[in-house]
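A.B. asks: 3D model of this:
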Amino acid sequence: MKKALILTGKFVQDHEFIYPFYRLLEDEFEVDIGINEDEMVKGILGTDIPSNKNHPITKISEINSKNYNLLIIPGGVKSMEKVRQNKRIIEIISEFDKEKKTIGCICSGVQLLISAKIVKNRKISGYYALEDDITNAGAIYTDLTSVIDDNIVTTAHYKDLGPWMKSVLENFYNRNQNAK
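C.D. replies: Below is the predicted model of the structure:
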């Protein structure tokens, strides 16, 4: 089974949603989209999210982490301010980590990892303005193209989407040998 979940909300950074979404579809994943508002929204640059209007949205209240084996958390600082207040979204992220499933997180999406309290003593990247937040949460801030710490794969900026998604997929396939 190759089933991924993307968790996001209004004002997501468009690139950080669109590239992973289509990259996962290209790799033949079934992709569910959980949006904080439980409906189609606009990215910070005005893109419809989901960008494919025929793609259904999964209600946050109906998401069960056991139904997925990969989680993507795109950033967008305006988005994360609201998304991190949704306790169910934070619980879902925590469940993915407890189950040691691959979590790909980019830029300010790291705020959700911090809220889920899963970064302590781990190497984590995120947008440079969040270095203090990452460090204060007990993580080891690492500013590389792709940072892998067990099941969590992070990067700081959408300019590194390609190498980051490559690492996310490698982490997934290493954990799910039969999924190819």
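A.B. asks: which residues in the protein form helices?
C.D. replies: Taking DSSP state H as the test, the helices found in the chain are 14-26, 77-83, 87-98, 110-115, 131-136, 161-175.
A.B. asks: in the second one, what counts as buried?
C.D. replies: Read it as helix 77-83. Neighbour-count burial for helix 77-83, counted by 16 or more other Cβ atoms under 10 Å, picks out V77, K78, S79, M80, V83. Heads up, the C-betas are built off the backbone N, CA and C, glycines and all.
A.B. asks: right, and the second one touches D14 too?
C.D. replies: To tie it back to what came earlier, the one meant is K78. No: taking Cβ atoms under 8 Å as the definition, K78 is not a contact partner of D14, at 11.8 Å.
A.B. asks: so what's in contact with those two at the same time?
C.D. replies: Counting by Cβ atoms under 8 Å, 6 or more residues apart in numbering, the contacts common to K78 and D14 are I44.
A.B. asks: okay, the helices of the chain in a markdown table with distance to L45 next?
C.D. replies: Putting the helices of the chain into a markdown table (distance: least, Cβ to Cβ, whole Å) gives the following:
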| stretch | distance to L45 |
| --- | --- |
| helix 14-26 | 4 |
| helix 77-83 | 11 |
| helix 87-98 | 22 |
| helix 110-115 | 20 |
| helix 131-136 | 24 |
| helix 161-175 | 15 |
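A.B. asks: Including mean pLDDT, could those go into TSV?
C.D. replies: Converted to TSV, these look like this (pLDDT from 0 to 100):
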stretch	mean pLDDT
helix 14-26	96
helix 77-83	93
helix 87-98	98
helix 110-115	98
helix 131-136	97
helix 161-175	97
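A.B. asks: Of all residues in this structure, which one is nearest the centre?
C.D. replies: Closest residue to the average C-alpha location of the chain: I73 at 1.4 Å, with Cα atoms, centre = their mean.
A.B. asks: Dig out what that residue forms beta bridges with.
C.D. replies: I73 forms beta bridges with C105, as assigned by DSSP bridges.
A.B. asks: so what's it up against?
C.D. replies: Per Cβ under 8 Å, 6+ apart, neighbours of I73: I6, L7, T8, I93, I103, G104, C105, I106, G109, L112, L113.
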